[in-house]
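In: Here is the input, now give the coordinates:
(2 chains, ligands or ions: 1)
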Amino acid sequence: MCRTVDLHQAVLAKNDATAHALRAELAGRGTTMVNLLSSPGSGKTALLERELLRARERGVPTAALTADLATENDARRLARSGVPVKQVLTDGLCHLEASMLGRHLEGWLPAATRLLFVENVGNLVCPASYDLGEDLRVVLASVTEGEDKPLKYPTAFGLAHLVVVTKADIAEAVEFDEEAFRAHVEQVNPGVEVVLTSARRGGGVGELLDRALAVADGGAVHEPVMAGQPHEHHHHHDPDDTVMTRPLP
Amino acid sequence: MHEMSIAMAVVGQVQEAAELNGGVTSVTSVRLQVGELAGVVPDALSFCFELACAETLLQGAELVTESVPGRARCSPCADEWAVGMPPRLCCPRCGEPTLELLSGRELQIVSVRWEEEPTARRRTCEPISEER
Ligand SMILES: [Zn+2]
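Out: Here you go, the predicted structure:
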C-alpha cells in the first residue's frame, strides 16, 4: 500500500536543537562563543592570533578551537599566543556541526573560559548553514578577495553578526573598493557592522575582542534580516539535556 | 560540500519517521522545500541524496525539490517583493532595513511517499537497522 505522509520537518532541526542546548550550556558556564567563518587564505588565523594575544595581555580567559580539513599549522600558530588551543581535523567534512563541536569541547574547554573562539573550516558555503551555538557569528574577508565577495556568498554574509575585513594594509595595492564592499554587505545584511583590520600593521586589532567582550557582558547582538524568517522547530530539547555529557574538568 | 551532510540528515529523518510509523517496506519519494537563501545547491543535493539512500530503506527513492523564492516585506511601506539573487534586503521604496524576510530560508522535508504493509501500522515492526 502506498501512502503519502506529511512530515514538515526542518532538515537541520537536530543540529539547531543541539546548538541551542550547547549555547545554553556555555551560557551556564559563563562562556561566550564566537564562530569565525571565511574562505581559505583570508588571514583569519593571523588576525585571531593577534586577538588571542591581546586577550591574554588583558587577562581575559580565552580559548580557541580551530577546525581544518587536514593538518595545518593553524593550531601551533595560535598556541604561540599562550591561550589554550585545540585543533580539530574534520576528516574531509567541509564544516563543523554542533554535536561535533560539543564532543570536542567536552573535557577540554577550561572551566573558567570567558571567550571561546571557534575557527570554522575555511569556506563560506557550508559552515553558513550550521548553527554551532555561537553568540557571535563573524564573517571575515580579505581585501584581496574583492568587493563582490558578499554578493557571491550572500548566505554567509547575510547571517553575520559582524563582518571583518582583513589585510587592510594592502587595500590600496589591490585596489580594494571599500565603499562598494560596504554597500554589498549592506545589501545582503542591512545594519551589520563592518570592521577593517590589519594583523600585520596592527590596525583594528582588538576590535574583535572588544565586540566579543561586549556580547559577553550582555550587549545587544545585531539581528540579520536573513535570520529573521520564523523557523519551524519540531525538535524540542529537554532543558536537562546536555551536549557535553561529562562534567566540567 | 555540505550537501552530503544535508542529504544524510534527510535520509536519517525519513528513516526515523518510517520506524515510528512501522511496516514501511520502501520509500518511493521525498518532497523537499529548498529556499533560495538556504545556501544549498539543489543539483548537488540530488546527487548526494542518491548516494545517501544507497542500502537504506530509501534506496532508489526520488528526491522532489520545490524551490522557494526569497520574499520580503517592508511594514512601513506595506510593500512586498522578491528579493532576487544576490538578495536585496533593503526596502527598494524607502531604503530602510525595516523589512522582514517572509520566505527563502526553507530547508524542510514536506512529505514522504512510502510503501507500507496495511496490517502493520504503528510501531508493530522491528526497528530498522542502522545501515550507513
Ligand atoms: Zn520601505
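
In: so where's chain A shaky on pLDDT?
Out: Across chain A, the ranges flagged by pLDDT under 70 are A:71-72, A:229-242, A:245-249.

In: how about the strands in it?
Out: For chain A, the strands defined by DSSP state E occupy A:2-10, A:32-38, A:62-68, A:85-89, A:115-119, A:136-142, A:162-166, A:193-196.

In: Is any residue of the last one near chain B?
Out: Looking back up the chat, that one is strand A:193-196. No - Strand A:193-196 does not reach chain B (C-beta under 8 Å from any C-beta of the partner chain); its nearest approach is 13.0 Å. The C-beta positions use only the backbone N, C-alpha and C, and glycine is treated the same way.

In: Who are the contact partners of residue 84?
Out: Just going to use chain A. Residues near A:Pro84 by C-beta atoms under 8 Å, 6 or more residues apart in numbering or on different chains: A:63-64, A:108, A:110, A:113.

In: Chain B is the one I meant
Out: B:Gly70 are the contacts of B:Gly84 under C-beta under 8 Å, 6+ apart.

In: Return the per-residue confidence for it.
Out: Per-residue pLDDT puts B:Gly84 at 92.

In: can you check the one 10 residues further on too?
Out: Predicted confidence (pLDDT) for B:Cys94: 86.

In: Tell me how many other residues crowd it.
Out: Counted with other C-beta atoms under 10 Å in any protein chain shown, the neighbours of B:Cys94 add up to 13.

In: The one 3 residues further on now?
Out: Using other C-beta under 10 Å, B:Pro97 is surrounded by 16 other residues.

In: Could you list the domains of chain B?
Out: Domain ranges of chain B: B:1-69+B:104-132, B:70-103, per automatic domain parsing.

In: tell me the centre residue of chain A?
Out: For chain A, the residue whose C-alpha lies nearest the mean C-alpha position (C-alpha atoms, centre = their mean) is A:Asn35; its distance is 1.4 Å.

In: excluding its backbone neighbours, what's nearest it?
Out: Distances taken as C-beta to C-beta, 6 or more residues apart in numbering or on different chains place A:Glu134 nearest to A:Asn35, at 3.7 Å, with adjacent residues excluded.

In: residue contacts, the one you found?
Out: Applying C-beta under 8 Å, 6+ apart, the residues contacting A:Glu134 are A:23, A:33-35, A:118.

In: mind listing the helices for the chain?
Out: The chain I'm using is chain A. A:13-28, A:44-57, A:74-79, A:98-105, A:149-152, A:154-158, A:178-188, A:207-216 (DSSP state H).

In: My question was about chain B, not that one.
Out: Under DSSP H, chain B gives helices at B:3-21, B:42-53.

In: nearest to the ion, of the ones you listed?
Out: Minimum separation from the ion across these (C-beta to the ion) falls at helix B:42-53, 31.1 Å.

In: contact partners of the closest one?
Out: By C-beta under 8 Å, 6+ apart, helix B:42-53 touches B:1, B:3-4, B:6-8, B:10-11, B:30, B:32, B:34, B:58-61, B:63, B:65, B:67.

In: Give me the angle between it and helix B:3-21.
Out: Computed by axes from the mean of the first three to the mean of the last three C-alpha atoms, to 10 degrees, the angle separating helix B:42-53 from helix B:3-21 equals 50 degrees.

In: Tally up the residues packed near A:Leu22, please.
Out: Neighbour tally, A:Leu22, other C-beta under 10 Å: 23.

In: gap between the nearest residue to it once chain neighbours are set aside and A:Ala67?
Out: Closest residue to A:Leu22 apart from its sequence neighbours, by C-beta to C-beta, 6+ apart: A:Gly133 at 3.4 Å. Applying C-beta to C-beta, to the nearest Å, the value for A:Gly133 to A:Ala67 is 14 Å.

In: Could you do B:Ser26 as well?
Out: Following C-beta to C-beta, the distance that separates B:Ser26 from A:Ala67 is 37 Å.

In: What of A:Asp177?
Out: Applying C-beta to C-beta to A:Asp177 and A:Ala67 gives a distance of 31 Å.

In: which helices and strands sit right next to the biggest strand by length in chain B?
Out: Criterion DSSP E: the longest strand present in chain B is strand B:24-35. Packing partners of strand B:24-35 (3 or more C-beta pairs under 8 Å, 6 or more residues apart in numbering or on different chains; DSSP states H and E): helix B:3-21, helix B:42-53, strand B:62-68, strand B:107-116.

In: Can you give the contact residues for the last one?
Out: Surrounding strand B:107-116, the residues in contact under the criterion C-beta under 8 Å, 6+ apart are A:1-12, A:129, A:232, B:6, B:10, B:13-14, B:17-18, B:21-35, B:38, B:40, B:66.

In: Now, of those, which are buried?
Out: A:7, A:9-12, A:129, B:6, B:10, B:13-14, B:17-18, B:21-24, B:27, B:29-35, B:38, B:40 (16 or more other C-beta atoms under 10 Å in any protein chain shown).

In: quick one: contacts for the closest residue to B:Ser67 other than its chain neighbours?
Out: In this structure, B:Ser67 finds its nearest non-sequential neighbour in B:Val34, 5.8 Å apart by C-beta to C-beta, 6+ apart. By C-beta under 8 Å, 6+ apart, the residues touching B:Val34 are B:40, B:42, B:45, B:65-68, B:106-107.

In: Buried only: go through the residues you listed for me.
Out: If we count by 16+ other C-beta under 10 Å, the contacts of B:Val34 have these buried: B:40, B:45, B:65, B:68, B:106-107.
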